[in-house]
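Student: Take this sequence and fold it.
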Amino acid sequence: MRAKTLWESFKYAGQGFAYSFKTQRNFRIHCAFTMLLAVAISVLNLSPGEILFLLSAAFAVLVSELINTAIEKTIDLHTTAYHPLAKTAKNCAAAAVLLAAVYAVIVALIIFLPVFLEMVRG
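Tutor: I've put the predicted structure just below:
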């Protein structure tokens, strides 16, 4: 399935996004947090650098989740039998998502904690 036009390339990418959103619970959770982040960014007075870090972290999580899904589905296409290398590949892909999510939480804490503490103080 090779895209003949730029539009087809975007269409296929959209289909991949839609598939992941429909079938992958964790992807939906990450999308929900990204939407909450967008609301927080629009409400709070953050610097462009802070916004960039937050968005980069959020998109790193989404991208890693999409890659994780692609790896899992490719392995499932190749074999339904248990194989230790398939398990390792799936676990490593999941670990990449976990690391991206931990990074996103760290970035969010570093940026939002001082903002919320300032709001509480007055």
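
Student: which strands and helices sit next to the biggest helix by length in the chain?
Tutor: Criterion DSSP state H: the longest helix present in the chain is helix 84-121. Counting by 3 or more Cβ pairs under 8 Å, 6 or more residues apart in numbering; DSSP states H and E, the packing neighbours recorded for helix 84-121 are helix 25-43, helix 48-78. Placement of C-beta: from N, CA and C, glycine included.

Student: now those in CSV, with mean pLDDT?
Tutor: Shown next, in CSV, are those (pLDDT from 0 to 100):
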stretch, mean pLDDT
helix 25-43, 97
helix 48-78, 97
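
Student: Just say which of these is most tucked in.
Tutor: Sort those by mean neighbour count, taking mean count of other Cβ atoms under 10 Å, and helix 48-78 sits at the top with a mean of 16.

Student: The helices and strands packed on helix 84-121: which one's closest to residue 11?
Tutor: Closest to residue 11 of those, according to Cβ to Cβ: helix 48-78, at 16.1 Å.

Student: what's the angle from the closest one to helix 84-121?
Tutor: Interaxial angle, helix 48-78 versus helix 84-121 (axes from the mean of the first three to the mean of the last three Cα atoms, to 10 degrees): 160 degrees.

Student: Pick out the residue nearest the middle of this structure.
Tutor: Residue closest to the mean C-alpha point of the chain, counted by Cα atoms, centre = their mean, is residue 62 at 1.5 Å.

Student: Surely it touches residue 27?
Tutor: Yes: under the criterion of Cβ atoms under 8 Å, residue 62 makes contact with residue 27 at 7.4 Å.

Student: which SSE is residue 81 in?
Tutor: Here residue 81 sits in a region with no helix or strand, counting by DSSP states H and E.

Student: Nothing else from me, thank you.
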